[in-house]
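S.K.: sequence plus the predicted model coming up.
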Amino acid sequence: MATATNEREGSLLAWQWRGYAHNHGDRVNLLIHMIAVPTFIAGVLATVTQLAQMRWGGALIGLVVAIVAFALQGVGHRCERAAPEPFLGGADFLARILVEQFITFPRFVLSGQWARNLAGHNGG
């Protein structure tokens, strides 16, 4: 199903979900994501909260935490056989990252696919 990840048909959510298990099959990458995605989410939420309270130092710390967590995921993706699809620009980058972090990866975990991939049963 490697070709499905190249076809950007349907919504971003549908497109991202079609290729997600295929692009997240390496055990090291899965374990990194299990730590880094919640850390990214916490960093983004802390940044927004701190900005709303005009606490610039706290916002900066939250932003740094989110960036480091995202960078760690990039390290994990180097372990994968299939490279992530290239971004089509700034808007695509932002949309894909936010959707993946806040929706697709949590769905991947809650659906049980994360555990199946970790056990080596990803069918890819």
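M.R.: Done, it's in.

S.K.: what is the mean pLDDT for the longest helix seen in the chain?
M.R.: If you go by DSSP state H, the chain has its longest helix at helix 27-52. Mean per-residue pLDDT for helix 27-52: 97.

S.K.: which strands and helices sit next to that helix?
M.R.: The elements that helix 27-52 packs onto, with contact taken as 3 or more Cβ pairs under 8 Å, 6 or more residues apart in numbering; DSSP states H and E, are helix 56-77, helix 105-110, helix 113-118. Heads up, the C-betas are built off the backbone N, CA and C, glycines and all.

S.K.: among these, which comes closest to Pro84?
M.R.: Across those, Pro84 has its closest neighbour in helix 56-77 (5.8 Å, Cβ to Cβ).

S.K.: and that closest one, what does it pack onto?
M.R.: When contacts are defined as 3+ Cβ pairs under 8 Å, 6+ apart, helix 56-77 packs onto helix 27-52.

S.K.: among the helices and strands packed on helix 27-52, which is nearest Ala14?
M.R.: helix 105-110 (11.7 Å).

S.K.: centre of the chain to that closest one, how far?
M.R.: The chain centre lies 10 Å from the centre of helix 105-110; the measure is Cα atoms, centre = their mean, to the nearest Å.
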